[in-house]
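# build the 3D model from these lines:
(one chain, ligands or ions: 1)
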Amino acid sequence: MTDLTSESSAELNSETPIMAFAQLQLAAPLARAVAEMGYETMTPIQAQAIPVVLQGRDVMGAAQTGTGKTAAFALPLLQRMLKHENASTSPARHPVRALVLLPTRELADQVAEQVKLYGKYTNLRSAVVFGGMDMKPQTLELKQGVEVLVATPGRLLDHIEAKNTVLNQVEYVVLDEADRMLDIGFLPDLQRILSYLPKQRTTLLFSATFSPEIKRLANSYLQDPVTIEVARSNATASTVEQHFYSVNDDDKRHALHQILRQRGMKQAFVFVNSKLGCARLARSLEREGLKTTALHGDKSQDERLKALEAFKKGEVDLLVCTDVAARGLDIKDVPAVFNFDIPFNAEDYVHRIGRTGRAGAAGLAVNFVSKSDARLVADIEKLIKTKIELEPIAFEEDLPDIRKQGHINDGRRMYQQEADDIRREEYPARVPRAPRNEFKRPPLSKDPFFDKPYEAPHLAPDAVPSWETPAARPGVRSISSNIKSKRKVAALFKAA
Ligand code: AMP
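Below you'll find the model as predicted:
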């Protein structure tokens, strides 16, 4: 179909001036909902995407969660669908017209909550379906008719197969967090779902990175898309001080204690690559006197939110987390991020350290590099296009010798378990696990898009954007209580 590099795709950049929502002339029910949410000015992605989507163009957007991306697609889609709005009780009058696909139940639930809020003064109906939940209530809702359907791919296919919904009247499709969907191995499901949709439609694709696979997906399914970039996702903010310390696995906890103490830092995120490593490290740090909580894929949503709340209130010093657990949670302005394990995917490095040093505030990213991490560090170097100097670490003698208190190194094979869990949740025993090679990372992007220097949005250097202040989000829960605890694997942890 369309070549993204073609002259025809209009390229926008992050020069868009700050715009007030009032300038958009949204329909009254939407404007009212936006005002009620406390939004006045648009975020950069909103200022760029909303007018384009209102024109009915396809969009290829580089934007992450936390940028206001949901409203950037939801508001113009709702506005365009208003012509179909009706108060009829007949399901036939409420066919699915907009489909939003996301990789995880947390993200699906979060997006659905927001869509509900933006559309609350319209007669447009919305629903969310994701795996790990009873199909029956979802089926009931689908059968009543919904205009906006937010879904994870596996569960949506289950509903399609059970004939609980038909997608032949879909006018808009959003592939949100598309890179994550491909990482998890959802490509075949996406292809199947897209094959059920009418060819004549608007397609919006959002991804943190434009890997060759994402571009292939876009080339196949988007028509003459407008490329929108808000903050170059492969760039790390210049306000983040980054250190790469050469440390043996056994010395990492010692190093963590020392750096926290030397810097006078109380709170930090500590990233590890596996659930098992996460639980073990959190327990060790707790024993060593730091108030620590673990955030990993086996924690229920409720537990994750509680941990986050405790961190925000200052009741917890360290949140030890895995990428999957942290993904999609609205966590910003963390004083420091420690990469206790160097991430296997260089893009995760950018995601991880993006949680510190936001909006002009100083941030610190500390990386513990062991001998076996050389290739991973080289990948990061390539991605962020910055030479990484490994620094030695000199240990102070007066710190407790915690090195003898047990090994933390957790083994790479555990990493894949998180992605597998998402798949299993989506396919309870229906589809065998994807072959391992589905998870292979694509080669790094050579897109000139990422060669441009990072330009911050138009904000005063120390300004906190309005969309990041708690007051700007009255009543918005990031994740609903719909989400039930995942299966526990107590046996796995007993041994730890
Ligand atoms: P998202 O990236 O869509 O997950 O949005 C991140 C957070 O920003 C959500 O809590 C939204 O409610 C909030 N938000 C989105 N747009 C705006 C805006 N223009 N002004 C203030 N807050 C916003």
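
# quick check: closest non-adjacent residue to residue 92.
Nearest non-adjacent residue to residue 92, counting by Cβ to Cβ, 6 or more residues apart in numbering: residue 145, 7.1 Å away. Using the backbone N, CA and C atoms, a C-beta is placed for each residue, glycine as well.

# next: residue 59.
Going by Cβ to Cβ, 6+ apart, residue 59 has residue 204 as its nearest residue, at 4.5 Å.

# cool, residue 52 as well?
Residue 52 sits nearest to residue 226 (Cβ to Cβ, 6+ apart), 4.9 Å away.

# now the one you found. Its backbone dihedrals?
Main-chain torsions, residue 226, degrees, to the nearest 10: phi -90, psi 130.

# now it: how far from residue 44?
15 Å (Cβ to Cβ, to the nearest Å).

# looking at these two now, which is surrounded by more residues?
residue 44 (27 against 22; other Cβ atoms under 10 Å).

# coming back round to it: dump the residue contacts of the residue nearest to residue 92.
90, 91, 92, 93, 94, 95, 125 (Cβ atoms under 8 Å, 6 or more residues apart in numbering).

# same check on residue 263?
Applying Cβ under 8 Å, 6+ apart, the residues near residue 263 are 336, 364.

# could you list the low-confidence segments of this protein?
1-18, 65, 231-238, 301, 325-333, 357-361, 397-496 (pLDDT under 70).

# ok, back up a step: would you turn the contacts of residue 145 into JSON lines with neighbour count, distance to the ligand and secondary structure?
Below are those laid out as JSON lines (neighbours: other Cβ atoms under 10 Å; distance: Cβ to the nearest ligand atom, whole Å; DSSP: H, G, I helix; E, B strand; the rest coil):
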{"residue": "90", "neighbour count": "9", "distance to the ligand": "32", "secondary structure": "coil"}
{"residue": "91", "neighbour count": "13", "distance to the ligand": "29", "secondary structure": "helix"}
{"residue": "92", "neighbour count": "7", "distance to the ligand": "32", "secondary structure": "helix"}
{"residue": "93", "neighbour count": "14", "distance to the ligand": "29", "secondary structure": "helix"}
{"residue": "94", "neighbour count": "20", "distance to the ligand": "25", "secondary structure": "coil"}
{"residue": "95", "neighbour count": "18", "distance to the ligand": "26", "secondary structure": "coil"}
{"residue": "125", "neighbour count": "18", "distance to the ligand": "21", "secondary structure": "coil"}
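
# pick out the most distant pair among the residues you listed.
Greatest spatial distance in the contacts of residue 145: 92 and 125, 13.0 Å, computed using Cβ to Cβ.

# can you pull the domain assignment for this structure?
2-229, 240-426 (automatic domain parsing).

# specify the beta-bridge partners of the residue nearest to residue 52.
Here residue 226 sits in beta bridges with residue 59, as judged by DSSP bridges.

# repeat for residue 126
Under the criterion used (DSSP bridges), residue 126 bridges to residue 148.

# quick one, what contacts residue 294?
By Cβ under 8 Å, 6+ apart, the contact list for residue 294 reads 278, 279, 281, 282, 283, 307, 319, 320, 321.

# now those in CSV, with distance to residue 209?
Formatted as CSV, those follow (distance: Cβ to Cβ, whole Å):
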residue, distance to residue 209
278, 24
279, 29
281, 28
282, 29
283, 34
307, 28
319, 25
320, 26
321, 21
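
# can you redo those residues as a markdown table with neighbour count?
Below are those laid out as a markdown table (neighbours: other Cβ atoms under 10 Å):
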| residue | neighbour count |
| --- | --- |
| 278 | 29 |
| 279 | 21 |
| 281 | 26 |
| 282 | 23 |
| 283 | 17 |
| 307 | 23 |
| 319 | 25 |
| 320 | 29 |
| 321 | 29 |
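
# out of these, list just those in helices.
Counted as lying in helices by DSSP state H, out of those, are 278, 279, 281, 282, 283, 307.

# distance to the ligand added to these, as CSV?
CSV is the format used below for the ones in helices among the contacts of residue 294 (distance: Cβ to the nearest ligand atom, whole Å):
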residue, distance to the ligand
278, 24
279, 28
281, 28
282, 27
283, 32
307, 19
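
# and which of the residues you listed is nearest residue 355?
Among the ones in helices among the contacts of residue 294, residue 307 lies closest to residue 355 (Cβ to Cβ), at 14.7 Å.

# for that closest one, what are its contacts?
By Cβ under 8 Å, 6+ apart, the contact set of residue 307 is 293, 294, 295, 299, 316, 319.

# now do the residue nearest to residue 52 against residue 45, distance only.
Per Cβ to Cβ, residue 226 is found 12 Å from residue 45.

# then residue 193?
24 Å.

# these two: which has the busier surroundings?
Shown here are residue 193 and residue 45; by other Cβ under 10 Å, residue 45 has more neighbours (28 against 21).

# is it true that that one touches residue 61?
Yes. Using Cβ atoms under 8 Å, residue 45 is in contact with residue 61, at 6.7 Å.

# any chance you could map the strands in the protein?
Remark: strands assigned in the chain by DSSP state E are 59-62, 98-101, 126-129, 148-151, 172-175, 202-207, 226-229, 240-246, 268-271, 292-295, 318-321, 336-339, 363-369, 390-391.
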